[in-house]
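> Predicted coordinates and the sequence they were generated for:
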Amino acid sequence: MLMVLDLKSASVGLPQEFLDLLPTHCDVCASQMSISPTLTSLTCSNPRCQDKVVARLLALCETLGIKGIGEETAAAYVQEHKVVNPLQLLWHPLTLNLTDRISYPTWEKIYSQIAAKTSKGFYLWEIVQLLNIPQVQTSAEKIFDKHGTFAETFEDLRSGGVNHVQSLLGIVSEGSLSIRSISVYENLMLFEEDLLTAEQHLPLRTLRRDLDSITVVCSSKVGGEFRTKKEFYDHVGALLEGVANVSFKSSLTKGTDFLVWEGADGSPAAWTSKAVTAARWNEQEDGAISVVTSQQFIEMMKDRYDV
């Protein structure tokens with residue numbers, strides 16, 4: 001992390017006019033500002049800066065589909081209750097009612113949404129993703145799917161260090177540590193306390209090793225009866241609860257089992273980059289990825305698992 005103060009004090013040959021424009025401290029929390037290696041983006045160096053907590057809280061609400069909390073309400077909630085862990089909303093939503101910017105009827109609706117979203121519990125990696133830790137979103141499942149608790153995971157992380165993270169991520173780097181592995185490790189350790197606290201309050205789900213594991217990627221619109229991907233995810237999750245472990249991914253890999261694409265049955269639909277990639281891989285590897293519509297997928301699951 002390169003601090004703006006250090007950049008300004010170093011003799012790097014940059015125009016003084018450019019350096020003069022760079023703020024050295026955050027307007028919100030007064031922590032030092034950092035700048036990217038390419039000198040193109042600035043950010044507060046404090047991971048728990050109020051603005052960052054607000055952004056992560058709004059992202060959490062968007063991911064879970066919790067409606068009724070806008071930027072102004074989120075900022076008031078974080079500021080008035082000194083919130084540093086946005087996951088707190090999920091186990092202590094009563095404090096939201098103390099924010100004078102939200103009416104009681106609105107709070108009741110939000111409370112009902114939170115209760116519904118938390119009722120079935122979360123896998124460890126889902127909690128990590130909800131916390132929106134920088135650099136960790138796409139790596140969370142690989143790191144946390146082998147353990148039943150955060151305490152166990154962090155014990156392994158502390159003993160194995162960056163090498164352990166690099167191994168879990170499947171990164172091959174002869175005799176050296178990758179920048180990605182270092183970033184993932186450092187950011188996880190920064191948010192260890194947040195995750196350990198969440199573990200004490202949120203219901204946890206454990207992966208059933210005796211069940212089939214299915215990896216699904218959706219391409220653009222899901223189509224069919226589903227207006228959004230989230231509606232499809234919720235429907236499939238409820239359908240296969242207790243009979244299969246379904247993981248919904250954003251990126252297509254050669255390990256993907258199903259690509260859900262609305263044009264899979266020949267219906268008029270634009271060819272997306274994921275659909276094109278799956279078709280190319282299937283030509284090379286004899287149909288490794290099943291490309292189906294949302295309805296075809298559901299019918300296949302009903303037939304396969306008799307649900």
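Arrived safely. Numbers count the residues shown, from 1 in each chain.
> I'd like the average pLDDT over stretch 89-104.
For stretch 89-104, mean pLDDT rounds to 72.
> Would you work out how far apart the start and end of it are?
Using C-alpha to C-alpha, to the nearest Å, the end-to-end distance of stretch 89-104 comes out at 16 Å.
> what do you get for stretch 223-230?
12 Å.
> Now do the buried residues in it.
Neighbour-count burial for stretch 223-230 flags 223-224, 226, 229 (criterion: 16 or more other C-beta atoms under 10 Å). Using the backbone N, CA and C atoms, a C-beta is placed for each residue, glycine as well.
> quick one: the residue nearest to Pro203 when sequence neighbours are not counted from Thr40, how far?
Ranked by C-beta to C-beta, 6 or more residues apart in numbering and with sequence neighbours excluded, the top spatial neighbour of Pro203 is Gly121, at 3.6 Å. According to C-beta to C-beta, to the nearest Å, Gly121 stands 41 Å off from Thr40.
> For the two, indicate the residue with more neighbours.
Counted by other C-beta atoms under 10 Å, Gly121 and Thr40 do not tie: Gly121 has more neighbours, with 12 against 7.
> for the more buried one, what are its contacts?
By C-beta atoms under 8 Å, 6 or more residues apart in numbering, the residues touching Gly121 are 202-205.
> Most neighbours among those, which one is it?
That'd be Leu202 among these, by other C-beta under 10 Å, with 17 neighbours.
> give me every residue that touches that residue.
87, 90-91, 118, 121-122, 127.
> how about 6 Å then?
91, 122 (C-beta atoms under 6 Å, 6 or more residues apart in numbering).
> Regarding Asp156, which helix or strand does it belong to?
Element membership of Asp156, judged by DSSP states H and E, is helix 150-169.
> swap in Ser213?
strand 212-218.
> Sheet partners, orientation included, of that strand?
Here strand 212-218 is paired, per DSSP bridges, with strand 244-249 (parallel), strand 258-260 (parallel).
> just the contacts of Gly121 now: which is nearest Gln16?
Gln16 has its nearest neighbour among those in Leu202, at 50.7 Å by C-beta to C-beta.
> where's the closest one relative to Ser220, distance?
For Leu202, the distance to Ser220 - C-beta to C-beta - is 32 Å.
> what do you get for Pro23?
For Pro23 relative to Ser220 (C-beta to C-beta), the value is 39 Å.
> Those two: who's more crowded?
With neighbours defined as other C-beta under 10 Å, Pro23 and Ser220 compare such that Ser220 has more, 17 against 11.
> mind giving me the domain ranges of this structure?
Listed by automatic domain parsing, the domain ranges of the chain are 2-44, 50-118, 124-201, 212-305.
> for the second one, the distance to its chain's centre please.
Think domain 50-118. Its chain's C-alpha centre and that of domain 50-118 lie 18 Å apart, by C-alpha atoms, centre = their mean, to the nearest Å.
> Kindly report the same for the third one.
Relative to its chain's centre, domain 124-201 lies at 13 Å (C-alpha atoms, centre = their mean).
> can you tell me the average pLDDT over that domain?
90.
> Then the first one?
Across domain 2-44, the average pLDDT comes to 91.
> chain center to that domain: distance?
28 Å.
> What's the end-to-end length of that domain?
By C-alpha to C-alpha, the extent of domain 2-44 from end to end equals 11 Å.
> Could you do the last one as well?
Its start and end residues considered, domain 212-305 measures 10 Å (C-alpha to C-alpha).
> and it, how far out from the chain's middle?
Mean C-alpha position of domain 212-305 versus that of the full chain (C-alpha atoms, centre = their mean) differs by 20 Å.
> how close does the closest residue to Leu64 other than its chain neighbours get to Leu90?
Nearest residue to Leu64 in three dimensions, chain neighbours excluded: Lys117, at 4.8 Å (C-beta to C-beta, 6+ apart). From Lys117 across to Leu90, the span is 8 Å (C-beta to C-beta).
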